[in-house]
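Colleague: The amino acid sequence is not available; the structure is as follows:
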């Protein structure tokens with residue numbers, strides 16, 4: 001995600017980087033379109049494809065932009081729920097919409113638009129943060145942004161499904177195994193207790209995961225889990241871990257159009273490298289801290 005322009009101005013470096021990504025994505029889309037055209041000429045059927053978009057907040061001032069984006073989704077793709085990712089008919093392109101952190105601005109500004117247009121979506125909830133200020137997002141959320149209340153959660157329309165986003169929004173690849181297991185399993189159990197219905201989807205906070213976290217998700221009974229590494233889904237999506245493409249209401253129109261069509265999925269390599277580096281340095285800091293503690297501990 002990018003920082004809300006209303007919170008912080010885009011730097012020259014960020015603007016240039018965004019422009020470079022756009023240029024590469026245009027080239028990627030041209031190559032993919034050429035390949036699709038060749039398949040049609042050869043009489044080959046194109047495998048069904050899909051992308052999963054993920055948002056965070058939808059501020060009041062961007063409600064109109066979000067609606068325009070959803071209209072574009074309806075024109076460029078077949079909107080579908082996450083539970084329907086196994087159904088991608090040949091020759092079609094689909095898009096699913098998700099929201100991380102369960103912010104109140106999504107309930108107020110996004111859900112009414114989705115209801116009016118008949119577009120299903122999934123909201124990933126940080127279970128123990130309902131009704132509070134999202135402490136993990138102070139650098140990029142508006143000061144008045146809050147996590148939705150339990151009442152708002154219970155009153156979501158049937159078109160909107162709910163998934164878990166952990167208990168407290170930690171980096172699950174950086175915490176110990178016991179904490180990761182508690183965050184993963186406990187959040188599902190708590191959500192199911194509050195909603196009185198099954199919760200089978202999980203979104204990794206920060207998109208950060210490792211094999212241990214994935215294993216605990218399987219053991220906790222989730223049917224599918226989602227990260228923030230962009231991915232184009234092709235054919236029958238039987239994978240347990242599914243990648244998603246970042247979207248914001250303030251995306252440039254051509255930028256968002258290319259995201260819906262899957263042209264930004266090449267950035268998965270950059271995103272994966274960033275996660276790997278963050279995990280490496282987080283582990284290194286933890287090891288350094290443990291070593292310092294042992295070094296200062298008195299001998300017995």
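Modeller: Good, I have the coordinates. Just so you know, these numbers come straight off a predicted model, no measurement behind them.

Colleague: Any stretches of the stretch 201-300 of the chain with poor pLDDT?
Modeller: Residues of the stretch 201-300 of the chain meeting the criterion pLDDT under 70: 236-237, 271-300.

Colleague: how about the helices in it?
Modeller: Remark: helices assigned in the stretch 201-300 of the chain by DSSP state H, counting those that start in this stretch are 211-220, 253-260, 268-296.

Colleague: So for stretch 51-67, what gets flagged as buried?
Modeller: 51-59, 62-63, 65-67 (16 or more other C-beta atoms under 10 Å). Heads up, the C-betas are built off the backbone N, CA and C, glycines and all.

Colleague: so of these, which ones are in helices?
Modeller: Residues of the buried residues of stretch 51-67 located in helices (DSSP state H): 63, 65, 66, 67.

Colleague: excluding its backbone neighbours, what's nearest the second one?
Modeller: Ranked by C-beta to C-beta, 6 or more residues apart in numbering and with sequence neighbours excluded, the top spatial neighbour of residue 65 is residue 249, at 4.6 Å.

Colleague: could you check the distance from that neighbour over to residue 162?
Modeller: Using C-beta to C-beta, to the nearest Å, residue 249 is found at 21 Å from residue 162.

Colleague: cool, residue 20 as well?
Modeller: Distance of residue 20 to residue 162, computed by C-beta to C-beta: 37 Å.

Colleague: count of neighbours near the residue nearest to residue 65?
Modeller: Here the count is done by other C-beta atoms under 10 Å, and residue 249 has 23 residues near it.

Colleague: And for the one 5 residues further on?
Modeller: For residue 254, the number of neighbouring residues by other C-beta under 10 Å comes to 11.

Colleague: residue contacts, the residue lying closest to it once chain neighbours are set aside?
Modeller: Nearest residue to residue 254, sequence neighbours excluded (C-beta to C-beta, 6+ apart): residue 22, at 6.9 Å. Taking C-beta atoms under 8 Å, 6 or more residues apart in numbering, we find residue 22 in contact with 252, 254, 255, 258.

Colleague: Report the secondary structure element holding the closest residue to the first one other than its chain neighbours.
Modeller: Meaning residue 252. Nearest non-adjacent residue to residue 252, counting by C-beta to C-beta, 6+ apart: residue 22, 7.3 Å away. Assessed by DSSP states H and E, residue 22 sits inside helix 12-41.

Colleague: Can you show me the strands along this structure?
Modeller: Residue ranges of the strands in the chain, as given by DSSP state E, are 49-55, 78-79, 93-100, 121-125, 160-164, 201-203, 224-226, 233-234, 241-242, 245-246.
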